[in-house]
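Peer 1: this one's sequence-less:
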């Protein structure tokens, strides 16, 4: 899935997330938020807080928590 497809999917999430994303007008910023998923490294999840798959937020933490629970 390319970053634009991820962006469009995230626009269907809650209203606060949608509002934050719609306020971003810089295409490079949108690409940076969605070009990859936030990585779980040796220090756990670390990243900029905000909306997007490459940001720390309730959705990325939830995804990591679900992965740990399934492990």
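Peer 2: Right, received. Where do you want to start? Here the structure is a predicted model, which means the values were calculated and not measured. Residues are numbered from 1 along each chain as shown.
Peer 1: for the chain, which segments count as strands?
Peer 2: 40-41, 44-45 (DSSP state E).
Peer 1: and these, which one averages the lowest pLDDT?
Peer 2: Mean pLDDT is lowest for strand 40-41 among the strands of the chain, at a mean of 87.
Peer 1: what bits of the chain have low per-residue confidence?
Peer 2: Counting by pLDDT under 70, the chain shows no low-confidence range.
Peer 1: name the single longest helix found in it.
Peer 2: Looking across the chain with DSSP state H, the single longest helix is helix 58-70.
Peer 1: quick one: list the elements packing against that helix.
Peer 2: Here helix 58-70 touches strand 44-45, going by 3 or more CB pairs under 8 Å, 6 or more residues apart in numbering; DSSP states H and E. For glycine as for every other residue, the C-beta is placed from the backbone atoms N, C-alpha and C.
Peer 1: now do residue 42 against residue 65, distance only.
Peer 2: 18 Å (CB to CB, to the nearest Å).
Peer 1: these two: which is more packed in?
Peer 2: residue 65 (11 against 5; other CB atoms under 10 Å).
Peer 1: in contact with the more buried one, which residues?
Peer 2: By CB atoms under 8 Å, 6 or more residues apart in numbering, the contact list for residue 65 is empty.
Peer 1: quick one: it and residue 54, what's the gap?
Peer 2: 18 Å.
Peer 1: before we move on, back to that, so which bits of the longest helix of the chain are buried?
Peer 2: Of the residues in helix 58-70, those buried by neighbour count under the rule 16 or more other CB atoms under 10 Å are 59-60, 64.
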